[in-house]
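J.: coords please:
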Amino acid sequence: MNNLLSNEWIDISDYNWFLSDVDVINYADYEGKTLPLDFREDYFLPSNENFKEVVESDIQIIWGVISAVNKNEKPIFDKANFPYVEGNDLIWENNNFQVENSIFEITAWDSSYTIVKFKDQALSKKFKSYFDEAIELEKYKF
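T.: Numbering: from 1, shown residues only. Coordinates of the predicted model:
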């Protein structure tokens, strides 16, 4: 997470964050440190301080949806059907966002792929310039 959400291309404190369907390996847990997330819940709305702690921790996200919304907004999502990854073919569609008002969305798929979608083209360009290995979703072939 620390590399993916590097402050070289994004200031995470500019957004509110929504995490759903999250499964992680917390390597820091082996050192007695715990993440500020309650995995008994279906989703998380972490404070900026807690999200920063998660981003800076030594974790690997196996599955999960991480959405960023404007700082002055709360995430809009279907409370009867929380954003999810496994078995959701819509994550492979470029303009499908599971949080209606997200600015961008990160989907971790089986720790093998990371899908990052943007509504904000300027932010997308920043991301692409920082991660030159990133490819367009529609160009990706299974």
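
J.: CA only for contacts and neighbour counts going forward, please
T.: Fine.

J.: now the helices for the protein?
T.: 48-56, 121-130 (DSSP state H).

J.: Which strands or helices does the shortest one pack on?
T.: Taking 3 or more C-alpha pairs under 8 Å, 6 or more residues apart in numbering; DSSP states H and E as the contact definition, the neighbouring helices and strands of helix 48-56 are strand 15-26.

J.: Now do the strand it packs on: which elements does it pack against?
T.: strand 43-44, helix 48-56, strand 59-70.

J.: neighbouring strands for that strand, and are they parallel or not?
T.: strand 43-44 (antiparallel), strand 59-70 (antiparallel) (DSSP bridges).

J.: mind checking which of the ones you listed is nearest F82?
T.: strand 43-44 (7.7 Å; C-alpha to C-alpha).

J.: gap between that closest one and the chain center?
T.: 12 Å (C-alpha atoms, centre = their mean, to the nearest Å).
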